[in-house]
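Asker: Model the structure of this input:
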Amino acid sequence: MQIQDSANLRASDGNGFKAVNDTHGHAAGDAVIAATGRRLAAWTKQRQAVAARLGGDEFAVAAVLPARTALADITALREQLHQPLTHDGRTLHMTVSMGIARATDLIGEETGRLLRAADAAMYRVKAGEAAFPYLATYADAYADTVNGRRAGRAGAHLPAA
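Answerer: Below you'll find the predicted structure:
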């Protein structure tokens, strides 16, 4: 039997979130976080998926998606997250950087490694080192640091060795 579904883990990070807080205030930043959460909840509700806020403007989504539509589904999610929102009479424009780690590409890796790989992939996209959709590699899963986060440090997604 051939497996048609692919487990995917994505990390996303808001681009320009600090500027929203600095320009429009923390209530506007809170509105962006809340809107992102609602959009992720709506997307996951229609799929075998779960979303979580990692902290600040960082979120992760774990989903089982059909291999033939997975990248289109993820691209559609990214477009939904890019939609502007209105807060206090102002239109706020946000974008996100997303990294993708697929269990089918990183066979045998535990969830912590998949999340680390998705995080590393997201930062590659955010830094302009790779274009979306960038699919994480084993090198991403085993990166010593991801944007200053080391394995074993709180929030690093991996336990200390």
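
Asker: So what's the residue count around residue 37?
Answerer: 14 (other Cβ atoms under 10 Å). In this view, the C-beta of every residue, glycine as well, is placed from N, C-alpha and C.

Asker: and what of residue 76?
Answerer: Residue 76, neighbours per other Cβ under 10 Å, totals 12.

Asker: which residues are in contact with the host helix or strand of it?
Answerer: Here residue 76 sits within helix 70-81, counting by DSSP states H and E. For helix 70-81, the external contacting residues (Cβ atoms under 8 Å, 6 or more residues apart in numbering) are 6, 8, 10, 12, 36, 39-40, 42-43, 47, 61, 63, 65, 94-96, 98, 100, 102, 132-133.

Asker: in that helix, what's buried?
Answerer: For helix 70-81, a neighbour-count test (16 or more other Cβ atoms under 10 Å) marks 70, 71, 73, 74, 77, 78, 81 as buried.

Asker: how far away is the fifth one from residue 110?
Answerer: Going back to what we said before, that points to residue 77. Distance from residue 77 to residue 110, counting by Cβ to Cβ, to the nearest Å: 24 Å.

Asker: before we move on, what about the fourth one?
Answerer: Applying Cβ to Cβ, one obtains 21 Å for the distance of residue 74 from residue 110.

Asker: I would like the residues contacting the longest helix anywhere in the chain, please.
Answerer: Criterion DSSP state H: the longest helix present in the chain is helix 26-45. Helix 26-45 is contacted from outside by 14, 17, 20-21, 49-51, 53, 57, 59, 61, 63, 77, 80-81, 83, 85, 87-88, 90, 92, 94, 96, using Cβ under 8 Å, 6+ apart.

Asker: can you give me how far that helix is from the chain middle?
Answerer: 13 Å (Cα atoms, centre = their mean, to the nearest Å).

Asker: can you pull the buried residues of that helix?
Answerer: Within helix 26-45, judged by 16+ other Cβ under 10 Å, the buried ones are 28, 29, 31, 32, 33, 35, 36, 39, 40, 43, 44.

Asker: Could you save those residues as JSON lines and add columns showing pLDDT and distance to residue 122?
Answerer: Listed next are the buried residues of helix 26-45 as JSON lines, based on pLDDT from 0 to 100; distance: Cβ to Cβ, whole Å:
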{"residue": "28", "pLDDT": "85", "distance to residue 122": "23"}
{"residue": "29", "pLDDT": "84", "distance to residue 122": "20"}
{"residue": "31", "pLDDT": "89", "distance to residue 122": "23"}
{"residue": "32", "pLDDT": "87", "distance to residue 122": "17"}
{"residue": "33", "pLDDT": "89", "distance to residue 122": "17"}
{"residue": "35", "pLDDT": "91", "distance to residue 122": "19"}
{"residue": "36", "pLDDT": "91", "distance to residue 122": "14"}
{"residue": "39", "pLDDT": "93", "distance to residue 122": "17"}
{"residue": "40", "pLDDT": "93", "distance to residue 122": "15"}
{"residue": "43", "pLDDT": "94", "distance to residue 122": "17"}
{"residue": "44", "pLDDT": "93", "distance to residue 122": "18"}
